[in-house]
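Student: Please find the sequence and the predicted model below.
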Amino acid sequence: MSKENIQYIAKKIVENGKGILAADESTNTIKKRFSSINVESNEETRCFYRDTLFSTPGISKYISGVILFEETFFQKNSNNESLKEKLENINCYPGIKIDQGLEVFNKNSNETYTKGIETLDERLKPFAKNGVKFTKWRAVINIGKNIPSKECIEKNSSLLAEYALISQNNKLVPIVEPEVIMEGEHNIDKCYQVTKEMLNQVFNSLKEKNVDLKAMLLKPNMIVPGNKSGKKLKIKEIAEKTLACLTETVSKEIPGIVFLSGGLSSINATMFLNEINKLNNTSWNLSFSYGRALQEDALKAWGGKSENKKIVQKVFLHRAKMNSLACNGKWDTSLENE
């Protein structure tokens, strides 16, 4: 695949109000999600649940790509159909979460860096040969007393840039995810400051590594107060500060931005995305790469019962449609009753 082709895929992922389903939960994370509905997490239940989402009629109208966990990439359903191939058959790009989780590098502050860079090139090759079109690597930045440190920001930014370059060398679109965590007592201005520092450093590192900015996507957090701050979430303020922060830091060369939901409720994730797009006067397509915010309602509707498959798909399709409308600033609360 040529350089122009991965630029094309990066553009297509965020075109026409489409976004990404993040179905890349680790085994531990999906276990917690399933526990919340009293369902045992095993290979069979995980496959059934994800197969139900991927086979939702009409879903490719709103979802352009799906980030898969390694297990899911190789899974086949009860009819011996590959889940990855099901996505390809509906013109939905399969992607892969390729980082290997977090490692503490400072025991005093518990700051982390993302593991897996040493073996990344080797691990990417079989995925590239078997139809993966994009990848994802997540860095985690916490806000607290005297953190994040300069070392944490620089180390994670450098790793994100190295990951992006290795992905592009394997003809895969990298999704660069520097997540400033919502957990904490910080106010919205502190979130703005830390996100600005992180994004500035990320784009400095990307340029130093000569990453093709036209062939990547950014997956940032929105600018919100910490979830323990006691501060009310003000829709317009969040939208204005998010756009201002991105405009200050992010290169105009990238084709699009896919926001993470980062602990926001399903409705808030849609509402904030909609408000951001109503105010959007940039050249970027501003879309979504949601996990829990796309799946939460569907998971509850499922409850581990196979007979609920159609209602799960109806609920999931509705949530995807709402976020697609939000990509164009056309969502409204009245549409939630459709």
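Tutor: Good, I have the coordinates. Residues are numbered from 1 along each chain as shown.

Student: Phi first, then psi, for residue 195.
Tutor: With angles defined as degrees, to the nearest 10, residue 195 sits at phi -60, psi -40.

Student: list the contacts for the closest residue to residue 273 other than its chain neighbours?
Tutor: Sequence neighbours aside, residue 326 is the residue nearest to residue 273 in space, at 4.2 Å (criterion: Cβ to Cβ, 6 or more residues apart in numbering). Glycine gets a C-beta too; all of them are placed from N, C-alpha and C. By Cβ atoms under 8 Å, 6 or more residues apart in numbering, the contact set of residue 326 is 270, 271, 273, 274, 277, 288.

Student: which of those sit farthest apart?
Tutor: 271 and 288 (12.1 Å; Cβ to Cβ).

Student: More neighbours: which of those two?
Tutor: residue 288 (29 against 21; other Cβ atoms under 10 Å).

Student: so what's the backbone phi/psi at that one?
Tutor: According to degrees, to the nearest 10, residue 288 has phi -130, psi 150.

Student: shouldn't it be in contact with residue 261?
Tutor: Yes - contact criterion Cβ atoms under 8 Å: residue 288 and residue 261 qualify, at 7.5 Å.

Student: what do the two both touch?
Tutor: With Cβ under 8 Å, 6+ apart, residue 288 and residue 261 have common neighbours 269, 294.

Student: SS state for the residue nearest to residue 328 when sequence neighbours are not counted?
Tutor: In this structure, residue 328 finds its nearest non-sequential neighbour in residue 17, 5.1 Å apart by Cβ to Cβ, 6+ apart. Per DSSP: H, G, I helix; E, B strand; the rest coil, the local secondary structure of residue 17 is coil.

Student: Now for residue 17, how many residues are close by?
Tutor: 21.

Student: contacting residues around it?
Tutor: Listed by Cβ under 8 Å, 6+ apart, the contact set of residue 17 reads 62, 287, 324, 325, 327, 328.

Student: Out of those residues, list just those in helices.
Tutor: Among the contacts of residue 17, DSSP state H puts 324, 325, 327 in helices.

Student: what phi and what psi does the backbone show at the residue nearest to residue 109 when sequence neighbours are not counted?
Tutor: Nearest residue to residue 109, sequence neighbours excluded (Cβ to Cβ, 6+ apart): residue 147, at 5.0 Å. Backbone dihedrals for residue 147, given as degrees, to the nearest 10, come out at phi -130, psi 150.

Student: Quick check, residue 147 in contact with residue 108.
Tutor: No - assessed by Cβ under 8 Å, residue 147 is found out of contact with residue 108, at 9.7 Å.

Student: which of those two has more neighbours?
Tutor: residue 147 (17 against 9).

Student: what's the pLDDT at that one?
Tutor: Residue 147 carries a pLDDT value of 96.

Student: and if you look at residue 231?
Tutor: Predicted confidence (pLDDT) for residue 231: 88.
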